[in-house]
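Peer 1: sequence plus predicted model, see below.
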Amino acid sequence: MLQAWIFLLLAICCEVFGVSVMNYSEEGSKIITYGFMFVMLGISYYFMSLAICRINVGTAYAIWEVVGLSLIAVISIFIFGNHLNTQEYIGLALALVGIILVNLGEEHLDTDGVGDLKKGNLDMETSKGGHL
């Protein structure tokens, strides 16, 4: 499971790095800048595909987007000199709180990988390939 979280972290880092170079598209060769961004986003999606093998896709995507957005906002403030207003800071904070709540509410897999099934959701007939 730790490996899946590492893949998610790599996906986030690649996305942030790829999107951050867009600021340089006005300088130098646009084809190189956009090509680099395209490659980094492709690598990001690859790592994301590896992460969702073990992490719920909804949870992984939500974390990917909010953490990526937050990191891009931090980079834009400290590296590119952009400024956020109070409403934007509140929005980022609410998004981060939402991700924490989504992650806390996620069903975690058992050690055997079967998952936590709530009683009554699956009976013996459906688990053996029977009809609902």
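Peer 2: Yes, it's here. Because the structure is predicted, anything quoted here is derived from the model rather than measured.
Peer 1: switch to C-alpha atoms for all contacts and neighbour counts from now on
Peer 2: Will do.
Peer 1: would you list every one of the helices in this protein?
Peer 2: Applying DSSP state H to the chain gives helices spanning 2-20, 30-51, 57-78, 86-105, 124-127.
Peer 1: any chance of the ones you listed in TSV, with mean neighbour count too?
Peer 2: Putting those into TSV (neighbours: other Cα atoms under 10 Å) gives the following:
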stretch	mean neighbour count
helix 2-20	20
helix 30-51	18
helix 57-78	17
helix 86-105	14
helix 124-127	10
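Peer 1: mean pLDDT added to those helices, as a markdown table?
Peer 2: Putting the helices of the chain into a markdown table (pLDDT from 0 to 100) gives the following:
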| stretch | mean pLDDT |
| --- | --- |
| helix 2-20 | 94 |
| helix 30-51 | 93 |
| helix 57-78 | 88 |
| helix 86-105 | 85 |
| helix 124-127 | 42 |
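Peer 1: I'd like the distance between the closest residue to residue 62 other than its chain neighbours and residue 31.
Peer 2: Take residue 62 and drop its neighbours on the chain: the residue closest to it by Cα to Cα, 6 or more residues apart in numbering is residue 99, 6.6 Å away. For residue 99, the distance to residue 31 (Cα to Cα, to the nearest Å) stands at 35 Å.
Peer 1: and for residue 72?
Peer 2: From residue 72 over to residue 31 the distance is 22 Å, taken as Cα to Cα.
Peer 1: again with residue 93
Peer 2: Spatial separation of residue 93 from residue 31 under the definition Cα to Cα is 35 Å.
Peer 1: which residues does the most centrally placed residue in the chain contact?
Peer 2: When Cα atoms, centre = their mean is applied to the chain, the residue found nearest the centroid is residue 64 (1.4 Å). Listed by Cα atoms under 8 Å, 6 or more residues apart in numbering, the contact set of residue 64 reads 8, 11, 12.
Peer 1: go ahead and confirm the first one touches residue 56.
Peer 2: The reference is to residue 8. No - distance between residue 8 and residue 56: 11.4 Å, which falls outside the contact criterion (Cα atoms under 8 Å).
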